[in-house]
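[1] sharing a sequence plus its predicted fold:
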Amino acid sequence: MRISEAATSEGGRVGSMREGTLDQKFLLQGDDDSPNNYLLNVGLTGSGGWGTPRHRHNFDQIRYVLKGKYPASPTKIMDEGSVGYFPESVHYGPQDRPEGLEMMVIQFGGASGSGFLSTPRREAANEALKAKGEFKNGVFTWLDEKGQKHNMDGSAACFEEATGKKLVFAPPRYDDIVLMNSESYAWIETEAAGIFTKLLGTFTERGIRISLIKVEAGATFNTGTRSAIEVLFMSKGKVTVGGKTYGEKTAIELLPSDNPLNIEAQDEALFFSVTLPKF
């Protein structure tokens, strides 16, 4: 079990592979050599916004809007509290994130087993590529040894530079991203007093699961056991775990080997829960 708070977590800025300013706090990271590798971050769009062209990835992403409106594409706008599942191999965008947008994002290896390239490796590749060509509007442009011009999505270019492998996409399991309006879901009372849940969705044959958990003030949430990695993100509230108090923007990693954990709510707490693919 690991607990991390945004206020004390390592931060960074997305490199020149994209346009604009996006500052991130890295709360939890997985194992770079595992198909279950992941990164949970909280991102804040800076002055001038931040944008990408239409593109896709060889990993999954889940986005939870904390503040503002997120344009996943010009026609798909996510409001505060909404959730988006961005499956591997599925195109989305172009994005034009407005200044002040705050969003929790978890990126992780999808059901295909392709894994997820860690941020340090990606950013190192970003720096190396700047010596070979130019990033502009989210696209990497370079000249080969014959002087021929090439263009590639910036993220894809970083992947190939970091791994030395050509980026290959698994057959898409979905034909589009999946957006969920969490406010439209009903809270379901559990057997434990003061604990309510919203199951937003279960995806792929490997059981990716997205839900919300509400813990009323004074109630205790027991996490129980699990067969796959589960990550909790507290968007609001105050809780005590093992005698220590935590506030909003706290993340908790629960492994299958971890014992059940008691989370005591001092104030009403709202957790965003993601169960990663089971391999």
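    Sure, I can see it.
[2] where in the stretch 1-150 of the chain is pLDDT low?
    By pLDDT under 70, the low-scoring segments of the stretch 1-150 of the chain are 15-17.
[3] and the helices in it?
    119-129 (DSSP state H, counting those that start in this stretch).
[4] ok, which stretches of it are strands?
    Ranges of strands within the stretch 1-150 of the chain are 2-5, 10-13, 19-29, 38-52, 60-67, 70-73, 76-78, 83-86, 95-97, 102-108, 133-136, 139-143, 149-153, based on DSSP state E, counting those that start in this stretch.
[5] okay, these in a markdown table with mean neighbour count next?
    All C-beta atoms are positioned from the backbone trio N, CA, C, and that covers glycine. Formatted as a markdown table, the strands of the stretch 1-150 of the chain follow (neighbours: other Cβ atoms under 10 Å):
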| stretch | mean neighbour count |
| --- | --- |
| strand 2-5 | 16 |
| strand 10-13 | 12 |
| strand 19-29 | 20 |
| strand 38-52 | 20 |
| strand 60-67 | 22 |
| strand 70-73 | 19 |
| strand 76-78 | 17 |
| strand 83-86 | 22 |
| strand 95-97 | 20 |
| strand 102-108 | 21 |
| strand 133-136 | 15 |
| strand 139-143 | 17 |
| strand 149-153 | 13 |
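[6] and Glu264, which of these is closest to it?
    Taking Cβ to Cβ, strand 2-5 is the member of the strands of the stretch 1-150 of the chain nearest to Glu264, at 13.6 Å.
[7] still on that earlier bit, of all the strands of the stretch 1-150 of the chain, which lies closest to Lys244?
    Nearest of the strands of the stretch 1-150 of the chain to Lys244, taken as Cβ to Cβ: strand 2-5 at 8.1 Å.
[8] relative to the closest one, what are the paired strands and their orientations?
    Strand 2-5 sits in its sheet next to strand 250-254 (antiparallel), going by DSSP bridges.
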